[in-house]
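Visitor: heads up, no residue letters with this:
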Ligand code: FES
Ligand code: FES
């Protein structure tokens, strides 16, 4: 056990933990952040996706010691001041989910995708989202939600002349 400092959703936490513990367990069990979910535990489904330093990361296979001090964002960190992130709103507007289990990870991967490519083609969305599995086969609705979110974010940026979403 040793002290590990984590920056999650803008807050700093110092925890006395086994540094080799997967980040997913720390987020869920120690910090009470249930956005990232346990699906396979093997890095193969994407349910546990969080964003670390701008990249979508599988938290179930990420030793917590390797992300000490890095900016970590979970689903809980997307909404600002009670307002859903445009990606979350687009998910609702497109009714993207069915059972919902995979969708938190899908949203986080979509966030990382749109941050690096604000206007993806359908092919780029499919390529960017390919590792996030949905056993309910909601892929077309997810794709529609990402397109909608991209349009909303683009319009907001045009209206304000600056970046308006994190
Ligand atoms: S739970 Fe992490 S990739 Fe499946
Ligand atoms: S909505 Fe059920 S697994 Fe994706």
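Guide: That came through fine. Keep in mind that this is a model prediction, so the values were computed, not measured. Ligands and ions are numbered 1, 2, ... in the order given.

Visitor: use CA for all of it now, contacts and neighbours both
Guide: Noted.

Visitor: any chance you could read off phi and psi for residue 16?
Guide: Backbone torsions of residue 16, given as degrees, to the nearest 10, read phi -100, psi 100.

Visitor: That one contacts residue 2, doesn't it?
Guide: Yes - using Cα atoms under 8 Å, residue 16 is in contact with residue 2, at 5.1 Å.

Visitor: how much space between residue 23 and ligand 2?
Guide: Separation of residue 23 from ligand 2 (Cα to the nearest ligand atom, to the nearest Å): 22 Å.

Visitor: wait, what's in contact with that residue?
Guide: Counting by Cα atoms under 8 Å, 6 or more residues apart in numbering, residue 23 touches 59, 60, 61, 62, 63, 64.

Visitor: Go back to these and keep what's next to ligand 1.
Guide: Applying Cα under 6 Å from any ligand atom to the contacts of residue 23, one finds that 59, 60 fall near ligand 1.

Visitor: Now render the contacts of residue 23 as a markdown table, adding distance to residue 48 and pLDDT.
Guide: Below are the contacts of residue 23 laid out as a markdown table (distance: Cα to Cα, whole Å; pLDDT from 0 to 100):
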| residue | distance to residue 48 | pLDDT |
| --- | --- | --- |
| 59 | 6 | 98 |
| 60 | 6 | 98 |
| 61 | 9 | 98 |
| 62 | 10 | 98 |
| 63 | 13 | 98 |
| 64 | 14 | 97 |
